[in-house]
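Chemist: Predicted model follows, preceded by the sequence.
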Amino acid sequence: MTNLLAWIFLILAGISEVIWIYFLKQSNGLTKIIPTILFVVILFLSMSLLALVIKVIPISLAYPVWTGIGAVGAVLVGVLFFGEAMDIYRAIFLMMIIVGIIGLKFLS
């Protein structure tokens, strides 16, 4: 696997993490069958992609990027789909996560 393909897979793994977070919320504590199945399938996809990526990208870089995409995405899902609050402080701290991810990439 090339380095470029590994980065594409890492981004897809992070996006998959955001999607499974959405379905986890929709599953109502794993009590609704369709959202629960989608949660499990997409969780498996996300973890599988991450497992492939760490063959090429160091875990010390891949995992923080993956979790950073997931963390930022989870906040955005909460705000956009579940009516959770967004204020200037939350936005600033989200930007700090994004800057940290970009900084890790440039240091690698």
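Modeler: Noted; the coordinates are in hand. What you are looking at is a predicted structure, and each value in this text was computed from that prediction instead of being measured.
Chemist: where does the residue nearest the centre of the chain land in three-state SS?
Modeler: By Cα atoms, centre = their mean, the chain has its centre lying nearest to G70, at 2.4 Å. Three-state assignment for G70 (DSSP: H, G, I helix; E, B strand; the rest coil): helix.
Chemist: how far away is A13 from I33?
Modeler: Here the criterion is Cβ to Cβ, to the nearest Å. By it, A13 lies 25 Å from I33. Where C-beta positions appear, they are placed from N, C-alpha and C, glycine not excepted.
Chemist: Comparing these two, which shows the higher neighbour count?
Modeler: When neighbours are counted by other Cβ atoms under 10 Å, A13 comes out ahead of the other of A13 and I33, with 23 against 9.
Chemist: who's in contact with the closest residue to that one other than its chain neighbours?
Modeler: Once flanking residues are discounted, A13 sits nearest to L49: 3.6 Å by Cβ to Cβ, 6 or more residues apart in numbering. For L49, the contact set (Cβ atoms under 8 Å, 6 or more residues apart in numbering) comprises 9-10, 12-13, 16.
Chemist: Just the ones in strands from those residues, please.
Modeler: In strands, judged by DSSP state E, none of the contacts of L49 are found.
Chemist: From the residues you listed, pick the one nearest V41.
Modeler: S16 (9.8 Å; Cβ to Cβ).
Chemist: what's the burial count for that closest one?
Modeler: Applying other Cβ under 10 Å, I find that S16 has 25 neighbouring residues.
Chemist: any idea how far K32 is from it?
Modeler: 20 Å.
Chemist: again, but for V41
Modeler: 14 Å.
Chemist: one step back: buried stuff in whichever strand or helix holds the residue nearest to A13?
Modeler: Using DSSP states H and E, L49 maps to helix 33-53. Going by neighbour count (16 or more other Cβ atoms under 10 Å), the buried part of helix 33-53 is 35-36, 38-39, 42-43, 45-46, 49-50, 52-53.
Chemist: Do a quick rundown of the helices in this protein.
Modeler: 3-26, 33-53, 59-82, 88-107 (DSSP state H).
Chemist: Redo those helices as JSON lines? Include mean pLDDT.
Modeler: Formatted as JSON lines, the helices of the chain follow (pLDDT from 0 to 100):
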{"stretch": "helix 3-26", "mean pLDDT": "97"}
{"stretch": "helix 33-53", "mean pLDDT": "98"}
{"stretch": "helix 59-82", "mean pLDDT": "94"}
{"stretch": "helix 88-107", "mean pLDDT": "91"}
